[in-house]
Each structure stands twice: as structure tokens, then as C-alpha cells.
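A.B. asks: Structural data only, the sequence is not supplied:
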Ligand code: UD1
Ligand code: CA
């Protein structure tokens, strides 16, 4: 049976008080709407149809070809929003799942159960929809589920339209439905405009029961039903998702010392036997190998970290560390930094757009930018590449086994050959041949005269 998903994402989200559309607010590493798109994708079938309106360009930029779009030009309510998907889906899918884009906590398994309920009851005929309901003391403005004398769902009444008795009902409508496609498209035009000027999707329930068609309800865990209307809701949902993400990693063999103080986005991968210490923020498409020690207090954005690495009180962005390399405390890897195997970077170092070869050591207070550094190079305390001349970024090349004395300044562009050495405080303005020693300002090779002076 083909299924389709319609995701309603056209609303204003006024209560977010934001120039960013509500559905694009980030939540544990993904924009709000993406969580719901994934839910839609999880049930298979065709690409979800996202109904866009407010902020449509930004939503389309984010989701691209992953979904189809139906535009709702005037925001006339949830029923009107679903109507916009009709030309996409009429005759295309037997089952149409409708999701609201502001409900990110629903689990795939729960949605799957709802589909199963629909399928199991379909053969008895006249089944218009299966919907989730929740029982919760705090109704949070949700619509109430009204049942008839024999316990069948009869209609949904929005909170604003409730009689005082209906207000006490604690079975609520989360807004997650699985409709009979043919029935839906045929009957949607029957929706009446409400006094508020809106077409309520929820009125489809009453249309069904008045025709003697059935609407089945399935109780969902209340914790999975949480609508984001303002930023306090966003924070609560982020917490729930964070906890789920952390639990997944722990079950897969990652030690998280203090989950409440660990912020791992949904997009991050972590290998077995890695330990994450408190205060870490792991973000974007970061991949961390196995057997690493991460943190405490480190931020890692879009990085590739090999096995057995150690990262202590550091900030890493768009960088790569190979097996058994280490950084910190207080290191900074910027875009394009790549530490080879067993590189050691100690305190207060910064590397940008540079490769440091295996076994290289950069222990204290150094800056390396736009450089290629070979194997087993020693960058003593305070070594700096002067890579920017005010106009251009220039390259520095250090071959294998170079030894730089403390406070060496490398005025790029400059190349040092294999095994070249510099004295402390050298300002290197010219290339240094393999094996040579230079020192001074500007750095030169020791002259014969100097040697005589020394021996005198
Ligand atoms: C809706 C339900 C209510 C339910 C609640 C659960 C209706 C009439 N009411 O109310 O029974 O308890 O959700 O959260 O459906 N949207 C559009 N176009 C529109 C209006 C809304 O795309 O013209 C989208 C919004 O972007 C949002 C979703 O539909 O993602 C829900 O709209 P919202 O205004 O939040 O509905 P509620 O008042 O919460
Ligand atoms: Ca809502």
C-alpha cells in the first residue's frame, strides 16, 4: 500500500518572536522541520510533501530536492494547508499521513504503530482515519477528543470552541493522523470556514462520523507529543532529544561521564570506548573514532577525529586529527587544520589551513597558518608563521625533521629543507637548505668570521 506524508510548515510561528521561521530554529543539531521530515521519510513511500508559506524560500533552501513542496499562499488553517497538497497526492497514495512541523519528539515506532492500526482495520471498510491521542492533565491548548456513548471518536473540538464541560476532557489531539487518501481528497472540500476565518483539519473527524465512517484513536506516550510554539518549548524539546542522543551513544559503547552536561548533536558519530567528559559540545557532521578521550570542556564542530585521540579544553572547527594525536589544554584548530598521526599540540596553540606530519610536536604558544609541516618536526615554544603580509596569505613549508628554536618567526613564503634548524629568536625571511642552521634577525647561516669571533 503506497503511503504519502504531508507536513504542515506554513504557519507564522508568531510566538517565537523571531525573524527566522519557526520551523527552521535549530534543535539538537537539526532544524525543527528536519526532525519531522525524517519522521515522514521513516515510513517509506514517496517523498514527503511539505506545505510551505511563511518563510518558504528558506525552508526550500534547507530541504532542497529531498521533499516536494505545496505552497499555501494564504494561511487559512490546517485544513486549508492540507488541501494544497491535493494536486500532488490525489490518486497517488492510498494512505496519507499528516504531520505538523512543530512536533519533533514523536518516535518513528509510534508512528509505525499508528500505520499498523490503520492497516489492520482497513478491510472492515469505511475507515476514514486513524489518529493519535494523548491523555494528559495539562491540556496546553490542544484540541479535545470527543467520544460518543459507545466510546468511538466522534469529533475534535479546539480549545477556544470548547464548552466548559468539554474543557475538562483530558484526551487530547496531538495532530498526527493517518487518512484514507481517497476519502480525504474527496471530503476535504466539505470543510466549512470557521468564524476565525480558518479551515480546521480537525473537522474532518466530524465529517467522517456524520457519514458513518470510522476514525480510530491510538494512545501515544504523552512525552512524545510536544508542540513547539515558543522558545521555552524549544529548550525543553532540545533537552529531551539530547538525552535520547546521549543514551543511543552510551548503548553503543561510548562513555559519557555526565550526560546532563554533554551536548551532542544528532549528526555526530562516535566510536566505541571513547569517553566524553563533561562540558563538551560535539556538533555538525563530526566523526570521532574509538578509544578517544574528549574533554572536559571542548567544542568540536564538523571535524574528523581518528582513533585514540586526546582533546582537552580545546576548540576545533572544520579540522581533522589522525590516530593518536593530541591537543590541549587550550588549543584551537581552525578550518583546514590537519594533525597527522601522533602529533602533539600542547597549550595555547593555533593551527589553520595547515598539515602537521606524523610525530610533529608543537608544545607551547604557537601559531601555524597556511603551512605544510613534515614528519617529526619540532616547533619550540612561541614559533609563529607570519603568513599574512597585509594583502596575501603566504605558504610556509617545513620538511621532515626540521627543528625550530623558541620564538622562531617564519616570514612566509618560506621553505625549510629536511633537518634544517633555527636558533632561538630567529626571524626567517629566506629559504633554508636541508641540514642548515640559521639564526638571528634576519636569520642567516653562521659566517666564518662569526665562528672565529666565537672561538676568540
Ligand atoms: C492544532 C490542532 C489542535 C491540536 C494542536 C496540536 C487544528 C485546527 N488544531 O492546533 O487540535 O491539538 O495542533 O499541536 O488543526 N499550519 C499551516 N498553515 C496554516 C496553519 C497552520 O501550515 O494555515 C501549520 C503550522 O505551521 C504548524 C501546524 O500547521 O506546523 C499546526 O498549526 P498550529 O497553528 O500550531 O495549530 P494549533 O493551534 O497548535
Ligand atoms: Ca501548534
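C.D. replies: Everything's here; your move. Since the structure is predicted, the reported quantities are computational estimates derived from the model, not experimental observations. Ligands and ions are numbered 1, 2, ... in the order given.
A.B. asks: going forward, measure contacts and count neighbours with C-alpha atoms only.
C.D. replies: OK.
A.B. asks: Kindly report the domain assignment for this protein.
C.D. replies: Residue ranges for the domains of the chain, per automatic domain parsing: 3-225, 231-450.
A.B. asks: Deepest in the core, which of those domains is it.
C.D. replies: Among those, domain 231-450 has the highest mean neighbour count (mean count of other Cα atoms under 10 Å), at a mean of 21.
A.B. asks: How far away from the center of its chain is that domain?
C.D. replies: Here the centre of domain 231-450 is set off from its chain's centre by 24 Å, with Cα atoms, centre = their mean, to the nearest Å.
A.B. asks: can you put the domains of the chain in JSON lines and add distance to ligand 1 and mean pLDDT?
C.D. replies: Below are those laid out as JSON lines (distance: least, Cα to the nearest ligand atom, whole Å; pLDDT from 0 to 100):
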{"stretch": "domain 3-225", "distance to ligand 1": "3", "mean pLDDT": "96"}
{"stretch": "domain 231-450", "distance to ligand 1": "12", "mean pLDDT": "97"}
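A.B. asks: what ranges do the helices span in this structure?
C.D. replies: Residue ranges of the helices in the chain, as given by DSSP state H, are 32-42, 56-63, 78-83, 86-89, 108-122, 164-167, 181-187, 203-210, 231-251, 448-455.
A.B. asks: got the contact list for the fourth one?
C.D. replies: I take that to be helix 86-89. Helix 86-89 has contacts (Cα atoms under 8 Å, 6 or more residues apart in numbering) with 4, 49, 70, 185.
A.B. asks: would you turn the residues you listed into CSV with distance to residue 108?
C.D. replies: Output for the contacts of helix 86-89, formatted as CSV (distance: Cα to Cα, whole Å):
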residue, distance to residue 108
4, 15
49, 18
70, 24
185, 25
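A.B. asks: Nearest to residue 91, out of these: which one, please.
C.D. replies: Using Cα to Cα, residue 185 comes nearest to residue 91 of these, at 8.8 Å.
A.B. asks: just checking, residue 337 touches residue 350?
C.D. replies: No. Applying Cα atoms under 8 Å, one finds residue 337 not in contact with residue 350, separated by 9.1 Å.
A.B. asks: ok, back up a step: keep only those of the contacts of helix 86-89 that are in strands.
C.D. replies: Mapping the contacts of helix 86-89 onto strands (DSSP state E) picks out 4, 49, 70.
A.B. asks: From what I see, residue 358 and residue 341 are in contact.
C.D. replies: Yes. Using Cα under 8 Å, residue 358 is in contact with residue 341, at 4.6 Å.
A.B. asks: quick one, what contacts residue 355?
C.D. replies: Residues near residue 355 by Cα under 8 Å, 6+ apart: 337-340, 371-373.
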